[in-house]
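Q: output the structure for:
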Amino acid sequence: MWTDPQPHVRSVTYDPTVTLTAPAAPSRLDGRWVNAPRRISRIAIGWPLWCVVGGYPIAWILGLRLVVWPLVAVLLVFWMLRNSSTNLVVPRCVVVWVAFVGWTLISVLTVHSANRLMAWGYRESLYLTALVVLVFCVNVTPREVPTWRFARAFAQLFTWTVLLGTLGLLMPDLNLTTPTELVLPQSLSHIDFIATQVQANMGVTATAIDAVRPAAPYGYTNEWGAALGMLWPLAMYSTSYVRTRRARLWLRLMLAFSIVPVIISVNRGLWVSLIVALAVVVIRAGISRHVRTTITAFVVAAGAAAVILLTPLSDVISNRLGHENLSTRETLASGAVELTRQSPLFGYGAPQTVSVANSNDVAVGTHGQIYTLLVSHGIPGAVFYIAFFLAALYVTRKVSGPAVWAWAAIVVCLVQLPFYNSIPVPLVLAMMATACCLRELGWRGRPPPPQPSPIIDRQTLVR
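A: Numbers count the residues shown, from 1 in each chain. I've put the predicted structure just below:
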């Protein structure tokens with residue numbers, strides 16, 4: 001007589017002397033059918049990721065933006081190693097990212113100074129962190145990590161970015177001295193790369209265009225624009241998954257209010273990002289005939305246009321477009337192209353300081369992720385990077401409904417390549433957006449162990 005002591009089955013008695021077992025009925029969690037629940041710790045799985053994404057301003061205030069992401073990766077790897085009873089499930093596009101990371105490792109052979117080696121190591125740690133985040137997010141089941149946890153992290157970071165960015169517009173000269181900055185040795189504090197990572201600046205006064213631009217809770221105003229460009233469609237995606245009406249209402253109010261700092265920041269790359277995101281959602285929702293998402297995108301676009309045209313924000317846009325101020329970017333771009341011609345295969349491992357006119361003493365390869373890739377890792381590195389996101393878009397091309405907003409965030413990550421650097425926050429957000437799209441397509445993370453079929457004695461059935 002066969003019995004299964006597993007807690008996820010129930011006993012079914014057919015005869016006083018014969019006890020058979022049958023699998024328990026599946027339960028519907030997070031919009032997906034998953035296997036019967038198993039015991040999970042009260043501590044949220046992946047808590048380092050949710051804490052850092054949702055509470056990123058804390059790392060910014062403490063001056064720990066330099067080390068917090070690699071630490072998250074180490075903790076996530078430790079969790080996956082402890083729970084490696086089953087094989088990891090990864091999408092095929094991960095192979096392209098592994099090839100990219102492998103190529104960046106080879107490019108270290110071209111680094112010839114300690115400062116460049118430090119910059120290479122920092123970026124390399126972020127590329128590895130992105131890989132770990134993606135693998136982790138696609139290998140946790142909706143039972144272990146519901147989608148609302150992703151949505152809450154996106155919503156929290158979006159709210160902090162909008163509020164602190166607005167505060168930076170009001171107090172651009174306010175600079176916070178972080179604890180890391182106080183205890184950092186003087187020999188390291190003189191290195192520009194490290195100094196900018198441990199500082200906490202609220203905003204930037206751009207005298208060339210006579211405007212104040214937000215930066216908090218990031219290091220640069222362009223980093224703020226890149227993060228908000230990714231977070232805006234992810235916040236739209238999150239409105240369908242936050243758990244309470246109050247949170248949903250708050251998130252919608254923040255989405256509406258965000259138009260003000262977006263326009264005042266005179267960040268044209270951010271403007272392009274949001275326009276592309278709306279266009280992608282309208283097209284994808286129209287193709288999939290998802291009426292609700294299409295109407296939402298049109299309402300958002302119409303509302304934003306009305307606010308801009310009926311307020312002084314239209315004057316801000318016209319003034320910004322009247323001051324091109326592209327000389328520095330054109331110089332850095334041409335310098336990056338020239339360096340790529342000199343070392344097209346492996347690059348230089350990190351951005352280079354080159355004496356060129358109108359560069360404002362900025363290293364070549366720092367204004368735009370595509371230029372960082374070309375200068376640091378050559379043409380193959382840039383090709384692998386772009387190919388990964390194209391492959392991710394292809395793998396998740398069948399998403400529909402609210403997930404189209406997350407799909408649009410991946411498109412924005414590609415659009416931002418000539419304007420912004422993607423590390424650290426936008427790259428992590430792109431990996432999380434990819435995981436959310438895969439969830440919508442039925443990826444349930446680590447598959448459950450197969451359940452044995454009960455062995456029934458033929459004589460018992462006859463009896």
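
Q: now do stretch 305-322: distance to the chain's middle.
A: 29 Å (Cα atoms, centre = their mean, to the nearest Å).

Q: which residue, other than its chain neighbours, is closest to residue 339?
A: residue 375 (5.1 Å; Cβ to Cβ, 6 or more residues apart in numbering). Every C-beta, even on glycine, is put in place using the N, C-alpha and C of the backbone.

Q: my guess is the one you found is in a helix, correct?
A: Yes - assessed by DSSP: H, G, I helix; E, B strand; the rest coil, residue 375 belongs to a helix.

Q: do you know the pLDDT at it?
A: pLDDT, residue 375: 91.

Q: doesn't residue 338 make contact with it?
A: No - Residue 375 lies out of contact with residue 338 (Cβ atoms under 8 Å); the separation is 9.8 Å.

Q: the two: which has the busier surroundings?
A: Taking other Cβ atoms under 10 Å, residue 375 and residue 338 do not tie; residue 375 has more neighbours (29 against 13).

Q: distance of the residue nearest to residue 339 from residue 137?
A: 30 Å (Cβ to Cβ, to the nearest Å).

Q: not counting sequence-adjacent ones, nearest residue to residue 228?
A: Nearest to residue 228 is residue 161, by Cβ to Cβ, 6+ apart, at 5.3 Å.

Q: wait, isn't the one you found in contact with residue 231?
A: Yes - using Cβ under 8 Å, residue 161 makes contact with residue 231 at a distance of 5.9 Å.

Q: of these two, which one has the most company?
A: residue 161 (28 against 25).

Q: quick one: contacts for the more buried one?
A: 217-218, 224, 227-228, 231 (Cβ atoms under 8 Å, 6 or more residues apart in numbering).

Q: what about residue 237, how many residues close to it?
A: Using other Cβ under 10 Å: residue 237 sits among 28 other residues.

Q: surely it and residue 437 touch.
A: No - with contact defined as Cβ under 8 Å, residue 237 does not reach residue 437; the gap is 9.5 Å.

Q: can you pull the residues that touch both of those two?
A: What both residue 237 and residue 437 touch, as defined by Cβ under 8 Å, 6+ apart, is the set 403, 406.

Q: and the spatially most central residue of the chain, its phi and psi?
A: In the chain, the residue lying closest to the centroid (Cα atoms, centre = their mean) is residue 429, at 0.6 Å. Main-chain torsions, residue 429, degrees, to the nearest 10: phi -60, psi -40.

Q: contact partners for it?
A: Taking Cβ under 8 Å, 6+ apart, one finds 154, 227, 230-231, 234, 409, 413 in contact with residue 429.

Q: 7 Å instead?
A: 230-231, 234, 409 (Cβ atoms under 7 Å, 6 or more residues apart in numbering).

Q: taking those, tell me the two that lie furthest apart.
A: Using Cβ to Cβ, these reach their maximum pairwise distance at 231 and 409, which is 8.1 Å.

Q: contact partners of stretch 395-405?
A: Contacts for stretch 395-405 (Cβ under 7 Å, 6+ apart): 91-93, 233-234, 236-237, 240, 281, 284-285, 288, 290, 293, 407, 434, 436-438, 440-441.

Q: again, only this time at 6 Å
A: Stretch 395-405 has contacts (Cβ atoms under 6 Å, 6 or more residues apart in numbering) with 91, 93, 233, 236-237, 240, 281, 284-285, 288, 290, 293, 407, 437, 440.

Q: in that stretch, what counts as buried?
A: For stretch 395-405, a neighbour-count test (16 or more other Cβ atoms under 10 Å) marks 395-396, 399-400, 402-405 as buried.

Q: tell me the mean pLDDT over stretch 68-87?
A: pLDDT averaged over stretch 68-87 gives 85.

Q: chain center to that stretch, what's the gap?
A: 18 Å.

Q: then stretch 399-416?
A: With Cα atoms, centre = their mean, you get 11 Å for stretch 399-416.

Q: same check, this time on stretch 101-114
A: The mean C-alpha position of stretch 101-114 is separated from the chain mean by 25 Å, Cα atoms, centre = their mean.

Q: just the buried residues of stretch 57-65, please?
A: 57, 59-61, 63-65.

Q: out of the contacts of residue 161, who's nearest residue 363?
A: Out of the contacts of residue 161, the member with the shortest distance to residue 363 (by Cβ to Cβ) is residue 218, at 18.3 Å.

Q: distance of the closest one relative to residue 426?
A: For residue 218 relative to residue 426 (Cβ to Cβ), the value is 10 Å.

Q: likewise for residue 399?
A: For residue 399 relative to residue 426 (Cβ to Cβ), the value is 20 Å.

Q: how about residue 342?
A: Distance from residue 342 to residue 426, by Cβ to Cβ: 29 Å.

Q: the two: which is more packed in?
A: residue 426 (25 against 8).

Q: okay, now the unreliable bits of the stretch 51-200 of the chain?
A: Applying pLDDT under 70 to the stretch 51-200 of the chain flags residues 84-86, 187, 189-193.

Q: tell me where it has helices.
A: 56-62, 68-82, 94-106, 114-137, 147-170, 179-183, 186-189, 192-198 (DSSP state H, counting those that start in this stretch).

Q: quick one: contacts for the nearest residue to residue 166 once chain neighbours are set aside?
A: Spatial nearest neighbour of residue 166, chain neighbours left out: residue 261 (4.9 Å); criterion: Cβ to Cβ, 6+ apart. Contacts for residue 261 (Cβ under 6 Å, 6+ apart) come out as 165-166, 214.

Q: try it again at 8 Å.
A: 162, 165-166, 169, 214.

Q: what's the neighbour count on residue 245?
A: 8.

Q: what's the answer for the one 5 residues further on, then?
A: The burial count assigned to residue 250 is 14, neighbours taken as other Cβ under 10 Å.

Q: just residue 305 next, same as before
A: 12.

Q: now do residue 186
A: 6.
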